[in-house]
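Engineer: missing the sequence, but the structure's below:
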């Protein structure tokens, strides 16, 4: 829907909830905010459908009597000039015209119907069913229509409306444009992804980072909204004086209603990723080419999912692309070196997720002998069972996969010796049956904090460059020097045979105060998602007494920085910052329990407001009666 500029905005425009936000609530497993329909179709994934609000504004109800006017696709556009309108960020409903997207259709002479597909996307169909439909058509046919506009909006807008990462990646893999723009209002897809969070009462950081990782241009968002990220965003958005780039035609969409909505929804975490993406050099065309041809394209955007460790992530990408470009029988063996809580495991998990690789995490603190790690050989007792690592390597023989050896410094020389052959030429023997296993495509990652003193000392000496957003060439040179120091220390601790088989040593540096604040903010977002779930008084594991609480952070930088400064410990990294979120949770629970009324499933949503006062974080609960 479009609104006249200067006219009556969405009801509640100056409240915390937007029009669509008041319209729909969501189920615990859903972040899509898609209106609920009748349970008529077997290819609807019910976990991705939202529950209609008390206003009974379900999709089925909204579809009754729906008419389409091809000459007026926006539904509410008058003859006034285009620049006199602003969009209220609510997409029109596109009703399905068939009873089932897949089963009722014939394959012969079938025409790809982008409108019908969008209707089913909006209706809550899962990504697997959408993929089945897309795969029935010639790829060129799909790509020609995949970015068509439906009811005046590019199809990608309806995909982002689902708040589903898999759906976005699926659409882009078939030619979906992450730089799509709504023609009438000039709103870019990235802005819609951020603001849509207000419609569905859900954080949309993952949608934002996914779009950025796939090539969305952050500079379509006025820089005053995200640079510098470590400052509180004014409640109604930056002033006209601060919005120096608003004269840019590509940013002309950001006015009045849009500016207010963006100010309310562009959180500290959003701003961090937007600013970093705006300052990160894009991969070269050859890097894109190699990654695409080797089905590793998502790898190029891995830094967009991390907090800090940008240089380390880039070094990982360069190492992987080099390894992929020149295949050999020697597997890729990496060392992730850094103190606890710096993101070593998180980076490995993102690597597996983005490349769709299985990940086996091995806790090295519990193994001293080769047999404990790999199992006894056939025909000895227990050989038939194998071990998790042995069985994993056998299952993925000849396939890409990841083995993450956590706290590798705790391993013994006996285990080091057992790893030499797999590390050297990718050969291994399944202990259960003595069959040969090809692990040449296995990515081995050894995580260690045995070199913390070297990393800390080097970081302190060169902090001006290492923690600067400039001096990229000098930073790369310094990190290479640091990796050599780690290599030498690793060799002295574990011996030359193992060290000589390592492909790359990647250091993980400490977090800046800004990165610490973002880590706290992400932890608070997770807390907010948990307490927003509805109360359930059902006996058993589904019981939930803490719920129906909307967590709102006023002045998010002040709040998160205060928590980071009080709780961060260099030896614990991000783990120490999770303690800050737990403290907030305890304060929230205290306020929740002080409400002098019984907990019921019908009780309204309480608002919990976090703020900062003199360096202290305050928590105040507002019940529905007082809102």
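Structural biologist: Happy to help now that I have it. The shown structure was predicted, so the numbers you read here are calculated from the model rather than taken from an experiment.
Engineer: middle-most residue in this protein, spatially?
Structural biologist: Taking C-alpha atoms, centre = their mean, the centroid of the chain lies closest to residue 206, which sits 3.1 Å from it.
Engineer: For that residue, give me its contacts.
Structural biologist: 163, 165 (C-beta atoms under 8 Å, 6 or more residues apart in numbering). Glycine gets a C-beta too; all of them are placed from N, C-alpha and C.
Engineer: Kindly report the same for the one 3 residues further on.
Structural biologist: If you count contacts by C-beta under 8 Å, 6+ apart, residue 209 has them with 273, 304, 305.
Engineer: Okay, domains of the protein per the record?
Structural biologist: 309-507, 513-626 (automatic domain parsing).
Engineer: Those domains into CSV, with extra columns for distance to residue 185 and mean neighbour count?
Structural biologist: Output for the domains of the chain, formatted as CSV (distance: least, C-beta to C-beta, whole Å; neighbours: other C-beta atoms under 10 Å):
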stretch, distance to residue 185, mean neighbour count
domain 309-507, 32, 18
domain 513-626, 27, 17
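Engineer: Quick check: which of those domains is nearest to residue 242?
Structural biologist: Proximity to residue 242 (C-beta to C-beta) singles out domain 513-626 among the domains of the chain, at 15.7 Å.
Engineer: What is the least confident helix or strand in the protein?
Structural biologist: The weakest-scoring helix or strand in the chain, judged by mean pLDDT, DSSP states H and E, is helix 19-23 (a mean of 31).
Engineer: Please verify my assumption that residue 537 contacts residue 543.
Structural biologist: Yes. Contact criterion C-beta atoms under 8 Å: residue 537 and residue 543 qualify, at 6.7 Å.
Engineer: Which residues are in contact with each of the two?
Structural biologist: With C-beta under 8 Å, 6+ apart as the test, residue 537 and residue 543 reach no residue in common.
Engineer: For the residue of the chain positioned farthest from its centre, give me its contacts.
Structural biologist: Centroid-distance maximum for the chain: residue 379 at 46.6 Å, with C-alpha atoms, centre = their mean. Residues near residue 379 by C-beta under 8 Å, 6+ apart: none.
Engineer: Local confidence estimate at it?
Structural biologist: pLDDT recorded at residue 379 is 80.
Engineer: Residue 509 too?
Structural biologist: In this model, residue 509 is scored at 94, pLDDT.
Engineer: three-state assignment of it?
Structural biologist: Here residue 509 takes the coil state, with states given by DSSP: H, G, I helix; E, B strand; the rest coil.
Engineer: can you tell me how far it sits from residue 180?
Structural biologist: Noted for residue 509: a distance of 36 Å to residue 180, by C-beta to C-beta, to the nearest Å.
Engineer: hey, where'd the strands end up in this structure?
Structural biologist: Chain-ordered strands for the chain, with DSSP state E as the definition, fall at 2-4, 85-87, 149-150, 153-154, 332-337, 359-363, 401-406, 427-429, 436-438, 442-448, 504-507, 549-553, 606-613, 616-622.
Engineer: Provide the strand pairings for the fourth one, with the direction of each partner.
Structural biologist: The strands beside strand 153-154 in its sheet (DSSP bridges) come out as strand 149-150 (antiparallel).
Engineer: okay if I get the strands of the chain as CSV plus distance to residue 162?
Structural biologist: Listed next are the strands of the chain as CSV, based on distance: least, C-beta to C-beta, whole Å:
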stretch, distance to residue 162
strand 2-4, 22
strand 85-87, 19
strand 149-150, 14
strand 153-154, 14
strand 332-337, 34
strand 359-363, 26
strand 401-406, 29
strand 427-429, 42
strand 436-438, 39
strand 442-448, 31
strand 504-507, 35
strand 549-553, 22
strand 606-613, 26
strand 616-622, 31
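Engineer: mind checking which of the ones you listed is nearest residue 529?
Structural biologist: Of those, the one closest to residue 529 (C-beta to C-beta) turns out to be strand 549-553, at 8.7 Å.
Engineer: tilt between the closest one and strand 606-613?
Structural biologist: Calculated by axes from the mean of the first three to the mean of the last three C-alpha atoms, to 10 degrees, strand 549-553 forms an angle of 20 degrees with strand 606-613.
Engineer: can you pull the contacts of residue 498?
Structural biologist: By C-beta under 8 Å, 6+ apart, the contact set of residue 498 is 416, 419, 420, 423, 490.
Engineer: Would you mind measuring from the nearest residue to the first one once chain neighbours are set aside to residue 134?
Structural biologist: Leaving aside its chain neighbours, residue 416 sits nearest to residue 498 (4.8 Å; criterion: C-beta to C-beta, 6 or more residues apart in numbering). Residue 498 is 46 Å from residue 134, where distance means C-beta to C-beta.
Engineer: Contacts only, for the residue lying closest to residue 362 once chain neighbours are set aside.
Structural biologist: Among residues not flanking residue 362 along the chain, residue 405 sits closest, at 5.1 Å (C-beta to C-beta, 6+ apart). By C-beta under 8 Å, 6+ apart, the residues touching residue 405 are 362, 364, 411, 444, 445, 446, 447.
Engineer: Pipe those into JSON lines and attach pLDDT and distance to residue 349 per row.
Structural biologist: Formatted as JSON lines, these follow (pLDDT from 0 to 100; distance: C-beta to C-beta, whole Å):
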{"residue": "362", "pLDDT": "95", "distance to residue 349": "14"}
{"residue": "364", "pLDDT": "93", "distance to residue 349": "17"}
{"residue": "411", "pLDDT": "93", "distance to residue 349": "21"}
{"residue": "444", "pLDDT": "98", "distance to residue 349": "15"}
{"residue": "445", "pLDDT": "98", "distance to residue 349": "11"}
{"residue": "446", "pLDDT": "97", "distance to residue 349": "16"}
{"residue": "447", "pLDDT": "97", "distance to residue 349": "12"}
